[in-house]
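Visitor: coords please:
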Amino acid sequence: VVDSTDRSVKVGVRDTGTVCRNWHGAHHLLPFLTGHCMLLLIPLAMSATCEWWCKWPCTQLNGATEVECDTCEKDSGCHADAVGFGAQQESMEDYTIWKDTKRPPATPSTSPCSLSGVTPSPTTPPSSLSASPSPHTHASPTCDAAEAEAPAVLALPDIAPKLRSDDALRLRKWKNLGEEHYDGGRLGLAVQHFVMAVHVTSWVGALWGDLGLVLTDLAKEASTLERLPLLCEAWIAIELGVALGAERKSAGLDHSLVHLSAAAGCPVADDERWSAALPSEAQRCIEAACEGWLGGAAARSRYSTARRVLAQSRDTNKGTSHERHKEAVQQLCVPAEKERVTVVLRSYERERQVLGAVSAYQAWALFRYCGVVALRGVLNSRDVDRALNASQAQIQKELPTIMRYREDRKRFGARKLKTERLTSQDESDLRYEIKLNLAETDPYLRSLHHNTQDSKGEKVGGKEVSGGIVDNEMVLALSKLLLHSNAMAIDTMSTVFSFPNCPRGRWHQDIVDPREHASTLLGDAPLVLPPGLVLVVPLVNLTKDNGLMEFRLGSHDTRGSAEDDETSEVKLDVALAAEVGSVTLFDLRIQHRGGANHSPESHPILYVEYCVPWFRNEINLKDRHTASWDAHPSLTRRALLARLDTLAYTRLLEEELQLRSFDIAALRSLYADYEARSLVV
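Guide: All right, here's what the predicted structure looks like:
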């Protein structure tokens, strides 16, 4: 290979085409040099050697390891006797180090909509959530006629699907790799890696700001067709970063607005004159230019309102924090209709299974102020069908217990069924909750033996793939964004179902905020984040006939008095119809209830609570105690010694098992002494 500096022959250069194209002063010799590159590599590749990259394990290398690492010593990561030696590997690093951005543009992902709003011809495969017939009708996400075609880079063409989930996603240093690509001028790769960085830590404002800046720089080199969508996405990413705590200047809002104004043909807008609370002519012009990218007029209006109420809620000169929050609810959550609190994912988001800035910003704002957000197009139908089958089997298994309880209720007036596993809901004998144990969670999880994912649940590489439900990467990214943390766990996981003729439930909150009584000490502080949220997954389409979930928007802010609630002129109650494939996430503190089931069939939903590690919902997690704990005559001592007694109960069980010749060590985790803070999602 001819070196570009001293024109000497080098061995081991990977991208020979790049070297030839970049050889200074020899562009007219390109065909000749390219041929020589190919001819030189053939004999060179035949000789054994030990390249410097063999310090890594063979399984992490690409290329011919039997040639490149043949003479390496045993202390090398890859050598003749190492695992994976001689196998053609596809390294994770293949997507970050050896690729060059000067390649043919990737084919944009198929979108069911275009800027013109014209429906594609029948020859274009439509976007769908289902790849095969299903036991019930699945509603695909509504296609907004104003949805703009996504730039090719946002489809993440250089990020392998297997790197977008599970440990491969979390162990990779996306931000560092993004910075390396940016410093090397590979802006397309930099954008893709920063997209993945915010996917992993979606609550970090500075990362959204970094993504916005890189998108802005990429837009300068983009085609006319892609420039404006890239700049709109950059602007909204930076706005989300600021909302999450990034400083406006360092997040690069000024830089982004200058370029966006120029591309949109708007008056110059910069950070000095930019106020969400008092929109300027430039701001309105930019919002109009980005309307297609925002998802249409309704989505644009909601986004504009969200930015405005965020700015107003932070203005300490306008009433108390609670009063500002109530005003924000009235502006953002009215009219109290399902469309107002529903975000429809874009085609490119569904295909790549990674949230974009537009959806993330709106979901965050709706959850913060309204207390609930619904998202359409998150899950694929195969996963939901699998969960439905498992839930129906669980219901069938519990039917004898339910029927006995209903009979006892009629004969003896039994008030409530409550066991560790099965609980009757409300005051009815027609709505129940089945708590799932660990052994029953598999149908709701991603199939870890599959290395690839497809948003439609189709076969990839000869295998049926699964995106999962409770560990679905879109769900997890949303939960991390809304809880502002990567450290979270599932507190409870249940199937909730109602029989035909089940009446409407009562309004209730899942918890009372444990920090509520500290509000007098905090003074006029903003509403704190909830300690957890609930994911609701409809396993059949929820309609007004079989029972909609209802929410009282804004009721998660409990800082007002009971008198305030009673005298409120407007109750923002919304009933959410939900199609299979959609999800609803709500604040643990919001008032909600189940709807009446007027249909001839029962309807199940999956009910999952995610919480931060310090929080423990005592309603769901009951401690076990020893018999001696009951013998304490003092209630004070019981309260003080409760946790110590729970540990003693566990030790007593282990000692009893050992007496019965059980191998306790075989039951224990090998990682029992890990630090909980080291486990993050």
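Visitor: Residue 643: neighbouring residues, count only.
Guide: Using other CB atoms under 10 Å, residue 643 has 9 neighbouring residues. Where C-beta positions appear, they are placed from N, C-alpha and C, glycine not excepted.
Visitor: wait, I meant residue 281
Guide: For residue 281, using other CB under 10 Å, the count is 10.
Visitor: For it, give me its contacts.
Guide: residue 267 (CB atoms under 8 Å, 6 or more residues apart in numbering).
Visitor: same deal with the one 5 residues further on?
Guide: Applying CB under 8 Å, 6+ apart, we find residue 286 in contact with 235, 257, 260-261, 264, 266, 269.
Visitor: tell me the SS of it?
Guide: helix (DSSP: H, G, I helix; E, B strand; the rest coil).
Visitor: picking that back up, I'd like to know which of the contacts of residue 286 is nearest to residue 379.
Guide: residue 235 (29.4 Å; CB to CB).
Visitor: Make sure residue 402 is actually in contact with residue 423.
Guide: No. In this structure residue 402 lies outside contact range of residue 423 using CB atoms under 8 Å: 10.9 Å.
Visitor: For these two, list the residues in contact with both.
Guide: With CB under 8 Å, 6+ apart, residue 402 and residue 423 have common neighbours 417, 432.
Visitor: Leaving out sequence neighbours, find the closest residue to residue 389.
Guide: residue 443 (7.2 Å; CB to CB, 6 or more residues apart in numbering).
Visitor: Report whether the one you found is found in a helix, as I expect.
Guide: Yes. Judged by three-state DSSP, residue 443 forms part of a helix.
Visitor: and residue 284, what pLDDT?
Guide: Per-residue pLDDT puts residue 284 at 88.
Visitor: Could you find the closest non-adjacent residue to residue 202?
Guide: Per CB to CB, 6+ apart, closest to residue 202 is residue 481, 4.0 Å.
Visitor: Could you give the average pLDDT over the longest helix seen in the chain?
Guide: What stands out as the longest helix in the chain, according to DSSP state H, is helix 381-412. Averaged over helix 381-412, pLDDT sits at 93.
Visitor: That helix: which residues count as buried?
Guide: Neighbour-count burial for helix 381-412, counted by 16 or more other CB atoms under 10 Å, picks out 381-388, 390-392, 394-395, 398, 402, 405-406.
Visitor: can you check stretch 307-327 too?
Guide: 307-310, 312-313, 321-322, 324-327.
Visitor: do stretch 177-195 as well
Guide: 177-182, 186-195.
Visitor: can you check stretch 210-229 too?
Guide: Those would be 210-219, 222, 226-229, for stretch 210-229 by 16+ other CB under 10 Å.
Visitor: Now do that stretch: distance from first to last residue.
Guide: 17 Å (CA to CA, to the nearest Å).
Visitor: Determine how far that stretch lies from the middle of the whole chain.
Guide: Relative to the chain's own centre, stretch 210-229 is displaced by 24 Å; criterion: CA atoms, centre = their mean, to the nearest Å.
Visitor: Might you list the low-confidence residue ranges for the stretch 451-600 of the chain?
Guide: Applying pLDDT under 70 to the stretch 451-600 of the chain flags residues 451-466, 519-520, 560-570.
Visitor: Could you pull out the strands in it for me?
Guide: 459-460, 463-464, 489-498, 532-538, 549-552, 573-576, 583-587, 592-593 (DSSP state E, counting those that start in this stretch).
Visitor: These: which one's closest to residue 373?
Guide: strand 583-587 (5.7 Å).
Visitor: Parallel or antiparallel, list what pairs with the closest one.
Guide: strand 372-376 (antiparallel), strand 532-538 (antiparallel) (DSSP bridges).
Visitor: pull the CA atoms of stretch 639-650 into PDB?
Guide: Provided in PDB are the C-alpha atoms of stretch 639-650 (Å, rounded to 0.1, in the frame of the first residue of the first chain):
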ATOM      1  CA  ALA A 639     -41.000  -0.800  64.300                       C
ATOM      2  CA  LEU A 640     -37.300  -0.300  65.200                       C
ATOM      3  CA  LEU A 641     -36.300  -4.000  64.900                       C
ATOM      4  CA  ALA A 642     -38.400  -4.900  61.800                       C
ATOM      5  CA  ARG A 643     -35.600  -5.000  59.300                       C
ATOM      6  CA  LEU A 644     -33.200  -6.900  61.600                       C
ATOM      7  CA  ASP A 645     -36.000  -9.400  62.300                       C
ATOM      8  CA  THR A 646     -36.500  -9.900  58.500                       C
ATOM      9  CA  LEU A 647     -32.800 -10.800  58.200                       C
ATOM     10  CA  ALA A 648     -33.100 -13.100  61.200                       C
ATOM     11  CA  TYR A 649     -36.100 -14.800  59.500                       C
ATOM     12  CA  THR A 650     -34.000 -15.500  56.400                       C
END
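Visitor: what residue ranges in the stretch 101-250 of the chain score low on pLDDT?
Guide: 101-148.
Visitor: How much space separates the residue nearest to residue 202 from residue 224?
Guide: Taking CB to CB, to the nearest Å as the measure, residue 481 falls 32 Å from residue 224.
Visitor: Looks like the residue nearest to residue 202 contacts residue 360 (just checking).
Guide: Yes. If you go by CB under 8 Å, residue 481 and residue 360 touch, sitting 6.1 Å apart.
Visitor: what residues are shared contacts of these two?
Guide: Joint contacts of residue 481 and residue 360 (CB under 8 Å, 6+ apart) are residue 202.
Visitor: Looking at residue 38 now. What's its pLDDT?
Guide: For residue 38, pLDDT reads 38.
Visitor: Kindly report the same for residue 646.
Guide: Reading off the model, residue 646 has pLDDT 89.
Visitor: quick one, phi psi at it?
Guide: The phi and psi torsions at residue 646 (degrees, to the nearest 10) take the values phi -60, psi -40.
Visitor: Excluding sequence neighbours, find me the nearest residue to it.
Guide: Closest to residue 646 by CB to CB, 6+ apart is residue 623, at 4.5 Å.
Visitor: Please tell me I have it right and the one you found contacts residue 648.
Guide: No. Contact criterion CB under 8 Å: residue 623 and residue 648 do not qualify, at 11.2 Å.
Visitor: Pull up the gap between the residue minimising distance to the centre of the chain and residue 164, please.
Guide: Residue closest to the average C-alpha location in the chain (CA atoms, centre = their mean): residue 477, at 2.3 Å. Shown here: residue 477 relative to residue 164, a distance of 11 Å by CB to CB.
Visitor: same check, this time on residue 238
Guide: 24 Å.
Visitor: just to revisit the earlier point, could you pull up the residues touching the residue nearest to residue 202?
Guide: Here residue 481 is in contact with 202-203, 355, 360, 363-364 (criterion: CB under 8 Å, 6+ apart).
Visitor: thinking again about what came up before, okay, the strands of the stretch 451-600 of the chain in a markdown table with mean neighbour count next?
Guide: Shown next, in a markdown table, are the strands of the stretch 451-600 of the chain (neighbours: other CB atoms under 10 Å):
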| stretch | mean neighbour count |
| --- | --- |
| strand 459-460 | 14 |
| strand 463-464 | 13 |
| strand 489-498 | 21 |
| strand 532-538 | 24 |
| strand 549-552 | 22 |
| strand 573-576 | 19 |
| strand 583-587 | 25 |
| strand 592-593 | 22 |
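Visitor: Which single one of the contacts of residue 286 is nearest to residue 602?
Guide: Among those, and counting by CB to CB, the member closest to residue 602 is residue 235, at 46.7 Å.
Visitor: How is the closest one classified with respect to secondary structure?
Guide: Applying three-state DSSP: residue 235 is helix.
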